[in-house]
Structures are given as C-alpha cells and as structure tokens.
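Enquirer: Just a sequence and a predicted model for now, questions to come.
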Amino acid sequence: MLTILALCAGLTSVRFALDEKWEMAVIAILAAGILDGLDGRMARLLKGTSRFGAELDSLSDFVSFGVAPALVLFLWTLDSDLGGIGWIIALIYTVSCGLRLARFNSMLDEETPSWGGQFFTGIAAPGGACISLLFMVISFYSDSDIFRSGILNAAWLLVLAFLMASRIPTFSLKRVRVSRRFIMPMLILVGGLAAVMASYPWQLLSAIAVAYIATIPFSVISQRKLVAADAQKADMARVKSDEGAPQDSTEDDV
C-alpha cells in the first residue's frame, strides 16, 4: 500500500511541474521518499517481504526517483536553457537510476559481509532524487538566478547519474539503531529539527542534501577499512590453517 502511495506521489510531482507549481513538485517527491522508507521498514517489521513486493518497490523507485525528478528539472530549466541537450541529460540521469536499481535487484541473492548493510552501492535512488533538486530548492529562498541555470543543473544531474550508477559506497541508515541512553537526546534533536523545518524548510533540506554529499568520502574510507580488516582476518585464518595442517616427512636414502 505504501509503495503504491509512493508511486502516486512521484507521478503527482510531474503534474505539479506541468502546472509550474515547483514547490509542490518538490514536496511530492519528498513525500515519495518518506513513503518508500516507511514501506521498507514496515515490511521488515511485519516480516511481510516478498519477491513481488521487491519488484513493485523497484518499479515505484524508478518512476518516483528516476523519471519524475528528471521531468521536473527538464520542465523547470533544462528545456528552456538547453533544449534537446537538456532532454539528453534528463535521459542519462533516468537511465542511470534504472541501472542502479537493476544492480540492486541482482545483488539481493548475493552473499554479503556482516557489515554490508551499513552501505549502499552508489547513491540510493531516493537520495539521488532529493539531491538532484538541490538547486531548485535553493532557488526557493535565494534571489540569485544562478541556481536556475540549465548548465548548472545539467552538470549536477550528470554528477548524480555517475554517483548512482557507480560502485562508490554510501552510508545506509537501514540498520541504524538508537540505544536507550541516546533516546532522549535523539528526541530533543528531532524536536529541534522539526522547529527548524517549520520556520526554514528549504534551508534545512538544502543543508541535509549538502551534508549527505559530504559524507561520501567518509563512507569510502570506512568501507575500505572494513574490507582491509576482513582481508587481514582471512590471512590470519589461512596462516593458522597452514600451521595446523600435518606435514609429510620423508627420509632421504643414503
């Protein structure tokens, strides 16, 4: 049910864009992202995951986070500033999102290390969609016309297309759990963010997008350390196995 709602929200963003209601278009895509996140958590909580649900979720993600953001940005600035080139950029972004989702589905049955759930391979589709709208969001509270530049937004879409299709690790919050002693500070933080969101929603969303991009180098370093630690453990296990193995002794004839 939540997946269907997310799909509808993503498609509705295109309708808002056609009516030039840009803020509502962004809100619709954000709503699709929230519904997508809730859908996954609810499915795991209720142990209601299925192959059908996974395929439907991927279809919803492709439409809501691949097709919809590209069309919104094309209608907002890429068409008027770049014309056909802007459409090609939008297609590249959409195809990259599709490739990222296809790779994700193909990796579902693969064996992953214990820490594998801490990372996504490439930027997740919902994150990529929200970040793709960064300059549009900034334009809502900025007087500068630079953020509506077709060239700037096209370049940004290409960067995000690369990050989604790449194998660069990015942090995942799927397995994040808050311990009891941090519940109260977390509630205070959430309350503070809610207050900021009520007063400065677009500024906060911009800051979150920039902060997410800034974490990518740290996620790369973190994954490399974990891979190195696993390799070291494997080498130590191999050495112990070799030391414990019986060795053949032969006597030379004189």
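Expert: Perfect, thanks for sending it. Numbering: from 1, shown residues only.

Enquirer: which residue ranges form the helices in this protein?
Expert: Under the criterion DSSP state H, helices of the chain are mapped to 2-18, 22-45, 51-62, 68-73, 79-82, 84-106, 125-132, 134-139, 150-165, 183-199, 201-214, 216-244.

Enquirer: now what about stretch 145-153, what contacts it?
Expert: 73, 76-78, 80-82, 86, 135-136, 138-139 (C-beta atoms under 8 Å, 6 or more residues apart in numbering). Any C-beta I mention is one placed from the backbone N, CA and C, and that applies to glycine too.

Enquirer: meant to ask about stretch 192-204, not that
Expert: By C-beta under 8 Å, 6+ apart, stretch 192-204 touches 137-138, 140-141.

Enquirer: buried subset of the residues you listed?
Expert: Buried members of the contacts of stretch 192-204, scored by 16 or more other C-beta atoms under 10 Å, are 137-138.

Enquirer: of all the contacts of stretch 192-204, which comes closest to E23?
Expert: F140 (6.2 Å; C-beta to C-beta).

Enquirer: and the nearest residue to that closest one once chain neighbours are set aside, how many neighbours does it have?
Expert: Closest residue to F140 apart from its sequence neighbours, by C-beta to C-beta, 6 or more residues apart in numbering: W202 at 4.6 Å. Neighbour count for W202, taken as other C-beta atoms under 10 Å: 17.

Enquirer: returning to what we had before: so which of the contacts of stretch 145-153 would you say is closest to S179?
Expert: I138 (35.6 Å).

Enquirer: Tell me the pLDDT of the closest one.
Expert: I138 carries a pLDDT score of 96 in this model.

Enquirer: Going forward, the N-terminal residue is numbered 868.
Expert: With the count now opening at 868, the last piece we talked about shows up as I1005.

Enquirer: what sits against it?
Expert: Contact partners of I1005, counting by C-beta under 8 Å, 6+ apart, are 1014, 1069, 1073.

Enquirer: For the last one, list the residues it contacts.
Expert: In this case it means S1073. By C-beta under 8 Å, 6+ apart, the contact set of S1073 is 1001, 1004-1005.
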